[in-house]
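[1] Here you go, sequence then predicted model.
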2 protein chains.
Amino acid sequence: MTKNDEFDLQDFLPYLLNQAAEASSLGFQSYYKAKYGMLQTEWRVVFHLGRYGEMTAKQICQRAQIHKTKISRAVSALEVKRFLTRTEDEKDRRQEALKLTETGTRAYRDLRQEASRFDQYLARDIPAADIDALKRCLRQISGLDAAKTQP
Amino acid sequence: MTKNDEFDLQDFLPYLLNQAAEASSLGFQSYYKAKYGMLQTEWRVVFHLGRYGEMTAKQICQRAQIHKTKISRAVSALEVKRFLTRTEDEKDRRQEALKLTETGTRAYRDLRQEASRFDQYLARDIPAADIDALKRCLRQISGLDAAKTQP
DNA sequence: CGTTGTTAGTTACAAAAGCAACTAATATTG
DNA sequence: CAATATTAGTTGCTTTTGTAACTAACAACG
């Protein structure tokens, strides 16, 4: 056996990432859950539509890297709650344009602001340089669909 | 509204953390799932027992910050698969000491090594200084049980 | 055109997570 | 020492996720 007897869970990136992700998600969840009864995927869909305007479900899937069934269910739920409307595309009737309603837009604006504040709160006593490094690393690790295979 | 119109999902820590956590977990899952048929919580329990020796379920809950029902189910599953044994405590018959079997220990050693390698792989082209900052940040963010409340 | 292949989105079913209520044992307190 | 409160761990039930199979529309190719 190689000499990694000292290797600890606290050093294992997937573990640390999960812990941090869970902690921070839990923290922000309270906003969209309590205020608008949304689930995480729903809030993300709202964010995408609010931030980038009208989109199809497929486009959100690609941008957010969320599976289409999750998106599908989130969209249905958001439609029921009147946060968005769907419009069938004239040229290609398979796809539908998703758009926030007035209510949806208001929720988006509110949540975006809460998100921004929460983000600053999370970073409150971490040096700015570290936060930069952190975000850079996270973006890189996220874009690793090739990671399923061996080094 | 404050001037944060440029605030993007890609800047939002909980989002980035989730994406990175998901990507990296998926990557490592293949090892313990394919080789030992374990779920994430099961692998974590194994890791704790292998790393820190005999423990009770409660102790694992606290160390790993995993809910007791999840641990309970993972322990049952691991017992069925003969990766660990339970021994009722003589002095306090509510709690039971969990201990890896021979098989469990072998699996632990193997997975620990895979984990160490996977960890290096994840960090493969990120500067060491950034990785340090990353891990420091993650540990700090994780320890924020107070984050549920407002800034 | 019609047959085959793709694509957007949905649905059905199975696995897993979350939560609350429960059991059994120990601690506390009057 | 009896009544009450706590603690370790489990179980049952509901919500959420993952996977695969499905529908409907379009594309391509003979």
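    It's in. Numbering: from 1, shown residues only, chains lettered A, B, ... in the order given.

[2] Residue nearest the middle of chain A, spatially speaking?
    residue A:44 (4.8 Å; CA atoms, centre = their mean).

[3] Residue B:14 is in contact with that one, correct?
    No - with contacts counted by CB atoms under 8 Å, residue A:44 stays clear of residue B:14, the gap being 10.3 Å. The C-beta positions use only the backbone N, C-alpha and C, and glycine is treated the same way.

[4] returning to that earlier point: the residue nearest to the centre of chain A sits in which helix or strand?
    helix A:40-52 (DSSP states H and E).

[5] so, in contact with chain B or not, stretch A:106-125?
    Yes - Stretch A:106-125 reaches chain B (CB under 8 Å from any CB of the partner chain) through A:109, A:112-113, A:115-124.

[6] DNA strand C contacts on chain A?
    Residues of chain A lying near DNA strand C by CB under 7 Å from any atom of the strand: A:56-58, A:61, A:68-69, A:71-73, A:75-76, A:94-96.

[7] Compare the residues you listed and tell me which is most surrounded.
    residue A:71 (23 neighbours; other CB atoms under 10 Å in any protein chain shown).

[8] where's the longest helix that chain A contains relative to the chain centroid, distance-wise?
    Counting by DSSP state H, the longest helix found in chain A is helix A:13-36. Put simply, helix A:13-36 sits 10 Å off its chain's centre (CA atoms, centre = their mean, to the nearest Å).

[9] how about it against chain B, any contact?
    Yes - judged by CB under 8 Å from any CB, helix A:13-36 and chain B are in contact via A:13-28, A:30.

[10] again with stretch A:69-83
    No - taking CB under 8 Å from any CB as the criterion, stretch A:69-83 and chain B are apart, separated by no less than 11.9 Å.

[11] Equivalent analysis for stretch A:131-140, please.
    Yes - contact of stretch A:131-140 with chain B (CB under 8 Å from any CB) involves A:131, A:133-140.
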